[in-house]
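**Student:** task: produce atomic coordinates for the following.
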Amino acid sequence: MTLHKADQLAFDRAMVTQPVWNRFNTAADAVDLPDNVLLHAGPAFAAPDQITAPILNSACVAAVWEGLAKDFDQAEAMIMTGEILLKPAQDHDVVTPLAAVVSANMPLHTVYDAWRGQTRIFTPINAGSRPAMRLGLRSEAVLEHIRWLNTRFLDVLQGGIAEGIALVPLAVVGLMGGDDCHGRTPVAANALVEELKDRTPGGIHDPDVLEFMASSPSLFLNLWMAATKIMMKLAEGVEGSSFVTAAGGNGREVGIQISGLPGQWFTVPATPPKGKFDVDLPEDRALGAIGDSAVVEAFGLGAMAIELSPEQKKGLGAYLPEDAKARTSGLSVGAHPYFQTLDVQLGSTGRGALTQGSGPVISLGILDRLGEAGRLGGGIYDMPVGPFAAAMKALEA
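**Tutor:** The predicted structure follows:
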């Protein structure tokens, strides 16, 4: 298929990017986020009573952490009456995983384009394998872990950034070692940790921090989401382009944005990913697809590059659609210079999705829709063509 000129231009802009993590900012400082606004994954909710339980739980935790409410019950009441507002993170240059919610004064990794300078994307610190906000639980354990992440762990990270850490080279190390840069990131996470240790004057000696780093194979994920998003961000605004620049779900709806229509979400109802539960609960407890990490697959990695990750394929291969391999070439646009040795094709377009008749396949955690059991397992979300068709109709109009 011949690539549309506008899609090629958007893709080229995305590829000429060097994402570097170089500091922390708060959303208040970085994007002028008001104190009473919380940011969530995916498109906007139509009304407070439409907020999915896991995101509502995380919003309550964030509101208490922020000092907006004295307890979780007061926080929920303030959300339901509109005193506290929830808005899409990607509309504010932030990406957040699963049900994790960002508040105005939360420390966020800042990832910028070292080649052009001014464009920045922000993401919260990954909560690792401890009680994590991304799992959508309303608990004191999650609140305490957020407090630890944003103080003691933050201090260690700040001491190891030095002049900044380029993220694409770490992703290449990960992919070469069997990561897919989404559902599986331990190789890249280990490379990141070693880089931080090397850059920290005198090394890292906090035993709790070292244990957390060693037991948290997802530490690289949030940073890679931000790196992916900044490449997409730099492709925005090309007239006539259907290049995908945003993708995510809020548990109720899943949506995308495209280069030629920046800021407009095109959505469909979110169905749950298909996968095996790790807990003994009925299938109807699964929440619809959720998280901004879908940007990774829309960019061509994650489940779209599952052939590079034997462990991921072993766990999720049974849930892939029959044409999963065909989509890798049918949806993708071209190669990134850094990834050429891996034979990875990146990017996706609305035009490609229409031709293919489907969107990307996305590896996602499956959350409990009631917000009680957290993560139920992992699975594959088969993104329908609907949002891409709607985007193309709007683009042509």
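**Student:** use CA for all of it now, contacts and neighbours both
**Tutor:** OK.
**Student:** can you pull out the low-pLDDT segments for this protein?
**Tutor:** 1 (pLDDT under 70).
**Student:** which stretches of it form strands?
**Tutor:** 19-26, 37-40, 85-88, 107-113, 120-124, 165-166, 244-250, 253-258, 266-269, 274-277, 290-291, 361-367, 375-382 (DSSP state E).
**Student:** let me have these in TSV, extended by distance to residue 393 and mean neighbour count.
**Tutor:** Below are the strands of the chain laid out as TSV (distance: least, Cα to Cα, whole Å; neighbours: other Cα atoms under 10 Å):
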stretch	distance to residue 393	mean neighbour count
strand 19-26	32	22
strand 37-40	27	26
strand 85-88	23	20
strand 107-113	32	25
strand 120-124	29	28
strand 165-166	38	20
strand 244-250	15	30
strand 253-258	12	26
strand 266-269	11	19
strand 274-277	29	20
strand 290-291	25	29
strand 361-367	22	29
strand 375-382	21	23
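**Student:** looking at those, which is nearest to residue 176?
**Tutor:** The minimum distance between residue 176 and the strands of the chain falls on strand 165-166, with 16.7 Å, by Cα to Cα.
**Student:** for the closest one, name the packing helices and strands.
**Tutor:** strand 19-26 (3 or more Cα pairs under 8 Å, 6 or more residues apart in numbering; DSSP states H and E).
**Student:** ok, residue 341 to residue 374 distance?
**Tutor:** Distance, residue 341 to residue 374, using Cα to Cα, to the nearest Å: 38 Å.
**Student:** looking at the two, which is more packed in?
**Tutor:** For residue 341 versus residue 374, neighbours defined as other Cα atoms under 10 Å are more numerous around residue 374 (22 against 11).
**Student:** doesn't residue 367 make contact with that one?
**Tutor:** Yes. Using Cα atoms under 8 Å, residue 374 is in contact with residue 367, at 5.6 Å.
**Student:** and for those two, which residues touch both?
**Tutor:** Contact criterion Cα atoms under 8 Å, 6 or more residues apart in numbering; residues bridging residue 374 and residue 367 by contacting each: 54, 135, 136.
**Student:** helices - which of those land there?
**Tutor:** The helices, defined by DSSP state H, take in residue 54 from the shared contacts of residue 374 and residue 367.
**Student:** from the shared contacts of residue 374 and residue 367, pick the one nearest residue 189.
**Tutor:** residue 135 (19.8 Å).
**Student:** picking that back up, I'd like the shared contacts of residue 374 and residue 367 as JSON lines, with distance to residue 385 appended.
**Tutor:** Output for the shared contacts of residue 374 and residue 367, formatted as JSON lines (distance: Cα to Cα, whole Å):
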{"residue": "54", "distance to residue 385": "26"}
{"residue": "135", "distance to residue 385": "28"}
{"residue": "136", "distance to residue 385": "28"}
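**Student:** are any of the shared contacts of residue 374 and residue 367 buried, and which?
**Tutor:** Buried members of these, scored by 16 or more other Cα atoms under 10 Å, are 54, 135, 136.
**Student:** ok, so of the residues you listed, who is nearest residue 279?
**Tutor:** Among these, and counting by Cα to Cα, the member closest to residue 279 is residue 135, at 14.2 Å.
**Student:** backbone phi and psi for the residue nearest the centre of the chain, please?
**Tutor:** By Cα atoms, centre = their mean, the chain has its centre lying nearest to residue 293, at 2.5 Å. Taking degrees, to the nearest 10, you get phi -70, psi -10 for the backbone angles of residue 293.
**Student:** now it: how far from residue 328?
**Tutor:** For residue 293 relative to residue 328 (Cα to Cα), the value is 18 Å.
**Student:** returning to what we had before: which of the shared contacts of residue 374 and residue 367 lies closest to residue 18?
**Tutor:** For the shared contacts of residue 374 and residue 367, the nearest to residue 18 is residue 135 (30.6 Å; Cα to Cα).
**Student:** show me what contacts that closest one?
**Tutor:** Listed by Cα under 8 Å, 6+ apart, the contact set of residue 135 reads 54, 98, 99, 100, 367, 374, 375.
**Student:** from residue 295, how far out is the fifth one?
**Tutor:** If I follow you right, that is residue 367. Distance from residue 367 to residue 295, by Cα to Cα: 18 Å.
**Student:** now the last one
**Tutor:** Taking Cα to Cα as the measure, residue 375 and residue 295 are separated by 20 Å.
**Student:** next one: the fourth one
**Tutor:** Taking Cα to Cα as the measure, residue 100 falls 15 Å from residue 295.
**Student:** one more: residue 9?
**Tutor:** From residue 9 to residue 295 the distance is 19 Å (Cα to Cα).
**Student:** between these two, who's got more neighbours?
**Tutor:** Legend: neighbour count by other Cα under 10 Å for residue 9 and residue 295, higher for residue 295 (28 against 17).
**Student:** now do the helices in the stretch 51-200 of the chain.
**Tutor:** 53-66, 72-80, 140-148, 154-160, 168-176, 186-199 (DSSP state H, counting those that start in this stretch).
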